[in-house]
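Asker: give the three-dimensional model of this entry:
(4 chains)
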2 protein chains.
Amino acid sequence: MAHSSPPTLHDVAREAGVSIATASRALNGSARNVRSENASRVRAAAAKLGYEPHLSAQAIAKGSTRTVALVIRDVADPYFSSIAAGVTQAAEAAQLIVTMAVADGSPERELEIVRTLRGQRPRVIIVAGSRIEGTGTRDSLTEELAEYRTAGGRVVMISQRDLPFSTVTVDNHGGAERLARALLDAGYRRFAVFHAPAEIRTSRDRHAGFLSAVRAAGAPEPVAIETGFTRAGGHDAARRLVERGFDDVEAVFAVNDVMAIGAMTAFRDAGVVPGRDIGVAGFDDIGSAVDVVPALTSVAVPLREAGLTAMRLALSDEDSASVCLPADVVLRESTPPRPPA
Amino acid sequence: MAHSSPPTLHDVAREAGVSIATASRALNGSARNVRSENASRVRAAAAKLGYEPHLSAQAIAKGSTRTVALVIRDVADPYFSSIAAGVTQAAEAAQLIVTMAVADGSPERELEIVRTLRGQRPRVIIVAGSRIEGTGTRDSLTEELAEYRTAGGRVVMISQRDLPFSTVTVDNHGGAERLARALLDAGYRRFAVFHAPAEIRTSRDRHAGFLSAVRAAGAPEPVAIETGFTRAGGHDAARRLVERGFDDVEAVFAVNDVMAIGAMTAFRDAGVVPGRDIGVAGFDDIGSAVDVVPALTSVAVPLREAGLTAMRLALSDEDSASVCLPADVVLRESTPPRPPA
DNA sequence: CGGGCTCCGGAAAACGTATTCCGCAGTTTG
DNA sequence: CAAACTGCGGAATACGTTTTCCGGAGCCCG
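Answerer: Residues are numbered from 1 along each chain as shown, chains lettered A, B, ... in the order given. Purely as a prediction, here's the structure:
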């Protein structure tokens, strides 16, 4: 009794006085009919015994699972957890189970995860936020995923272009361009850009988009400060900017919101009031952008939508589609219109 | 070729020129030895073919899975995603796979999830954030989980006391008491409390803890305002407080940080400057508490730790342990010391 | 030199389910 | 009325793995 094992289909069949074949057919909508009297007896027996079909056994018998594997960099990061929320929502709507693995930003770990993931034989593998480029593991990862796909699996990458799989990306370049134009329209001309190392594709795209719009407008070349892709990185960059003297910069663009928020705190600590002494803009439009003071100008990225779209692509027929989601500028008090000089 | 199925143990055995039994023994550390020459040939064959064992087949053969099922209310909420981060970290350290299901705050959905989860035959089910009380589904949920446990599964609840399972809770009552004492020490005596409906246990505990310390100090009974457990709820409560006239309250305690942050924004919009005209304190110490202006006084809750602890309990031997994690007061600028009147 | 032992490989059973195939009854059709 | 057909239940097989059991080979010891 202490460790009675859960009831099996066999138990249900015996309880209902039919064969396991009939029980199986009655419980999952099989192609074949069973007499309605038998069917209801089977259902009654299943309910009485609290039977739940053993998913592993079903998987092995059917030759396919109902699993979606999601690989992300960090669950606690709002960026990724929003994506995860979209993926799970879409998966649950399709009666799929999602398993989650976190790669912690390490390409090696990511590779290892994908490898062992194949053991699950999931329907779909979704990889989000593998944004580190130039490492040797990239090719191994591609190969591993390609092998998985020829075995009938589906692969979707989120925010990782240039790989031969279905992809959903965000219009980082265009969003940054539009942000730059909006800031130029508001009267800013001299910028600093806080960006992450170039291996991080997202950072590179946003930086490039911003630059191209600034240059197209004939404004002076922005000051570029390289730092970490994190809140601490933004904080640090702001401190460095203040130290070196920033009289010539009117606004800062940080390539993501947490960096921008870190920068605002650092500015304020240095006596430079964001929104008054200097404009600050970020990217992602995370929830707390509105609660910070002054509210942060940003570019809204439909993260949850990205997760939903990834599942949609995975479930669609076409094998290597790509979707690019729009990113919309949201102007707030951190970049007030600037009186013409 | 287009849909070649992945290699099986059979293929590996054939490639290595041994039986599947030997191949199986060579690949997973079985109790039995295989001659080292054979072992290395099997490993070579497995590597060459890119073999990964079929986890479902292993599960069914071994009679147990390496799966941890996590039920949470919402992945995108930082509160839950931090817990999830702790759980996944501990699970991956133990070579376990975590599957995630989100209940969206609906007890019915939660029940349904747990039911179908049993089909996975996971080692462990962790339920976080089922904080709605008084609904009829509660008993069904308990029953379902109890049944799962007699079948050999392990159950851990997070932040849900009073159920006959292992539990990890946060010291909401004590943390709120200590917060109240800290505020009293800082010179505040007249409080308002923004709390959620009493069905939400967490809110009730924090409210009660705060009240008990205030009363013990002989300070006047706080004004209580009931509202939603969300940012919008806090915003709304602050607006109501301002409308009714708040001259007699010196500080507000909101039962969580997002409420407190919403309240700060509402106060500011009404021309009441938080930290100067009124003190504001929250609970949870979410990441953005330090980036808000003024930085928010709060009570730090070790959420990731809670996830880790849950896994530790799940993997431990004792069947119904309980752990209560400490919650530490963090004073910041939103509640500056108040000059004695 | 023979009996018992250890070491190890392979055949086969087992796990829980889906499905194919067979056969039986009842019904339709020519 | 025979023949073909339909509807449905059950036995058996398959899925990919682990594990038990059997048996052969080599060894040690008396």
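
Asker: what about the closest residue to DNA strand D within the stretch 101-250 of chain A, how many residues nearby?
Answerer: The nearest approach of the stretch 101-250 of chain A to DNA strand D comes at residue A:119, 7.9 Å away (C-beta to the nearest atom of the strand). C-beta coordinates here come from the backbone N, C-alpha and C atoms, glycine included. Burial measure for residue A:119: 17 neighbouring residues, criterion other C-beta atoms under 10 Å in any protein chain shown.

Asker: isn't it up against residue B:54?
Answerer: Yes: counting by C-beta atoms under 8 Å, a contact exists between residue A:119 and residue B:54, whose distance comes to 6.6 Å.

Asker: list the contacts of residue A:8.
Answerer: Residues near residue A:8 by C-beta atoms under 8 Å, 6 or more residues apart in numbering or on different chains: A:51, A:54.

Asker: measure it to chain B for me?
Answerer: For residue A:8, the distance to chain B (C-beta to the nearest C-beta, to the nearest Å) stands at 11 Å.

Asker: ok so, going back, what residues does the residue of the stretch 101-250 of chain A closest to DNA strand D make contact with?
Answerer: For residue A:119, the residues meeting the contact criterion (C-beta under 8 Å, 6+ apart) are B:52, B:53, B:54, B:55.

Asker: could those residues go into JSON lines alongside secondary structure, neighbour count and pLDDT?
Answerer: JSON lines is the format used below for those (DSSP: H, G, I helix; E, B strand; the rest coil; neighbours: other C-beta atoms under 10 Å in any protein chain shown; pLDDT from 0 to 100):
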{"residue": "B:52", "secondary structure": "coil", "neighbour count": "20", "pLDDT": "95"}
{"residue": "B:53", "secondary structure": "coil", "neighbour count": "17", "pLDDT": "96"}
{"residue": "B:54", "secondary structure": "coil", "neighbour count": "21", "pLDDT": "96"}
{"residue": "B:55", "secondary structure": "helix", "neighbour count": "24", "pLDDT": "97"}
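
Asker: where does the nearest residue to residue A:289 once chain neighbours are set aside land on pLDDT?
Answerer: The shortest distance from residue A:289 to any residue other than its chain neighbours is 4.2 Å, reached at residue A:296 (C-beta to C-beta, 6 or more residues apart in numbering or on different chains). With respect to pLDDT, residue A:296 has a value of 96.

Asker: try residue A:84
Answerer: In this model, residue A:84 is scored at 97, pLDDT.

Asker: can you check residue A:134 too?
Answerer: For residue A:134, the pLDDT comes out at 64.

Asker: again, but for residue A:172
Answerer: Here the pLDDT value assigned to residue A:172 is 96.

Asker: what of the one 5 residues further on?
Answerer: With respect to pLDDT, residue A:177 has a value of 98.

Asker: next: the one 3 residues further on.
Answerer: Residue A:180 is assigned 98 on the pLDDT scale.

Asker: excluding chain neighbours, give the residue nearest to it in space.
Answerer: On the basis of C-beta to C-beta, 6+ apart, the spatially nearest residue to residue A:180 that is not a chain neighbour turns out to be residue A:213, at 3.6 Å.

Asker: and residue A:103, by the same measure?
Answerer: In space, residue A:103 comes closest to residue A:110 once its chain neighbours are excluded; the distance is 4.0 Å by C-beta to C-beta, 6+ apart.

Asker: which positions in chain A make contact with DNA strand C?
Answerer: Those residues of chain A that sit near DNA strand C, judged by C-beta under 7 Å from any atom of the strand, are A:5, A:8-10, A:20-21, A:24-25, A:27-28, A:30-32, A:51, A:53-54, A:57-58, A:60-62.

Asker: buried sites along the worst-scoring helix or strand of chain A on mean pLDDT?
Answerer: Least confident helix or strand of chain A, by mean pLDDT, DSSP states H and E, is helix A:137-150 with a mean of 89. When neighbours are counted by 16 or more other C-beta atoms under 10 Å in any protein chain shown, the buried residues of helix A:137-150 are found to be A:137, A:138, A:140, A:141, A:144, A:145, A:147, A:148, A:149.

Asker: residues making contact with stretch A:44-51?
Answerer: Among residues not part of stretch A:44-51, those counted as contacts by C-beta under 8 Å, 6+ apart are A:6, A:7, A:8, A:9, A:11, A:12, A:13, A:15, A:16, A:23, A:27, B:147.

Asker: CSV for those residues, including distance to residue B:183 and secondary structure?
Answerer: Listed next are the contacts of stretch A:44-51 as CSV, based on distance: C-beta to C-beta, whole Å; DSSP: H, G, I helix; E, B strand; the rest coil:
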residue, distance to residue B:183, secondary structure
A:6, 52, coil
A:7, 56, coil
A:8, 59, coil
A:9, 61, helix
A:11, 60, helix
A:12, 60, helix
A:13, 65, helix
A:15, 62, helix
A:16, 64, helix
A:23, 64, helix
A:27, 59, helix
B:147, 46, helix
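
Asker: mind putting these into JSON lines with distance to residue A:102?
Answerer: Formatted as JSON lines, these follow (distance: C-beta to C-beta, whole Å):
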{"residue": "A:6", "distance to residue A:102": "30"}
{"residue": "A:7", "distance to residue A:102": "35"}
{"residue": "A:8", "distance to residue A:102": "34"}
{"residue": "A:9", "distance to residue A:102": "36"}
{"residue": "A:11", "distance to residue A:102": "38"}
{"residue": "A:12", "distance to residue A:102": "38"}
{"residue": "A:13", "distance to residue A:102": "42"}
{"residue": "A:15", "distance to residue A:102": "43"}
{"residue": "A:16", "distance to residue A:102": "44"}
{"residue": "A:23", "distance to residue A:102": "40"}
{"residue": "A:27", "distance to residue A:102": "36"}
{"residue": "B:147", "distance to residue A:102": "31"}
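
Asker: quick check: the residue nearest to residue A:289 vs DNA strand C, distance?
Answerer: To DNA strand C, residue A:296 is 51 Å away according to C-beta to the nearest atom of the strand, to the nearest Å.

Asker: what does residue A:190 give?
Answerer: If you measure residue A:190 against DNA strand C using C-beta to the nearest atom of the strand, the figure is 66 Å.

Asker: so that residue makes contact with residue A:214?
Answerer: No: Residue A:190 is beyond contact range of residue A:214, at 9.6 Å (criterion: C-beta under 8 Å).

Asker: can you tell me the closest non-neighbouring residue to the closest residue to DNA strand C within the stretch 101-250 of chain A?
Answerer: Shortest the stretch 101-250 of chain A-to-DNA strand C distance, computed as C-beta to the nearest atom of the strand: residue-wise this is residue A:121, at 13.5 Å. Among residues not flanking residue A:121 along the chain, residue A:65 sits closest, at 5.3 Å (C-beta to C-beta, 6+ apart).

Asker: just checking, that neighbour is part of a helix?
Answerer: No: under DSSP: H, G, I helix; E, B strand; the rest coil, residue A:65 falls outside any helix and is assigned coil.
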